[in-house]
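# Quick one, what's the 3D model for this:
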Amino acid sequence: MKKFIAVFTLFVCFVNCVHAYNQGDVNRLLETKSCPNGDLSRANLVGVDLIGANLSGADLLAAYLHRSDLTGARLVGTNFTQAHLDEAKLLGTDLTGANFSDAHLSNANFTGANLTRVDFAGADLSGSDLTGANLLSAKFNNTIMPNGEEYSGQGQDYKASLPSSPLSQDKPELAHQ
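Next comes the predicted model:
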């Protein structure tokens, strides 16, 4: 009996961990393209058209947004920790203060995005396009950069001062904050 209770408890914990998002928040986002401060953690939003959406302050922890289009979206202070945004379009997006720690961002397009104070610690930006992005005070600790090279940050926070060309072609000039 104790074994059954232990297994049942683990199953309940697993189900709650896997489906942590609020279904009402997901529905609101899909219907209105607006869900500021919503709980969308671990939600499956693969390939969804979220052009111009407002997700400021939303929790997208470990959410799946592969090939989603977030062009022109407002994502200020949004949590994308461990999120999957491979091949996502984030052109002209306002991501001020967003958290992309340990996120999967390979081949994402951040052209012209506002990435001021964004945390990319442990993120994979391989193949991503950051052309014209504002990276003032962005953090790149243990980050795989667009050119595929890992930038360790040596345990310190750094900010990037980029030329107008994409990082995938030129190494960023990094300076201490």
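# Would you confirm that T111 contacts D129?
Yes - if you go by CB atoms under 8 Å, T111 and D129 touch, sitting 5.5 Å apart. Using the backbone N, CA and C atoms, a C-beta is placed for each residue, glycine as well.
# neighbour-wise, which of the two wins?
Between T111 and D129, counting by other CB atoms under 10 Å, D129 is the more crowded of the two (22 against 17).
# hey, what's that one bridged with?
N109 (DSSP bridges).
# From E150, how far off is it?
Using CB to CB, to the nearest Å, we find D129 at a distance of 19 Å from E150.
# again with T96
Distance, T96 to E150, by CB to CB: 25 Å.
# and if you look at N79?
Counting by CB to CB, the gap from N79 to E150 is 23 Å.
# Who has more neighbours out of the two?
Counted by other CB under 10 Å, N79 and E150 do not tie: N79 has more neighbours, with 23 against 13.
# Now the phi/psi pair for that one, please.
phi -100, psi 110 (degrees, to the nearest 10).
# thinking again about what came up before, tell me the residues that contact both of T111 and D129, please.
Residues touching both T111 and D129 (CB atoms under 8 Å, 6 or more residues apart in numbering): none.
# D25 contacts L40, correct?
Yes - here D25 lies in contact with L40, judged by CB under 8 Å, at a distance of 5.8 Å.
# Between these two, which is the more surrounded one?
Applying other CB under 10 Å to D25 and L40 shows that L40 carries more neighbours, namely 25 against 19.
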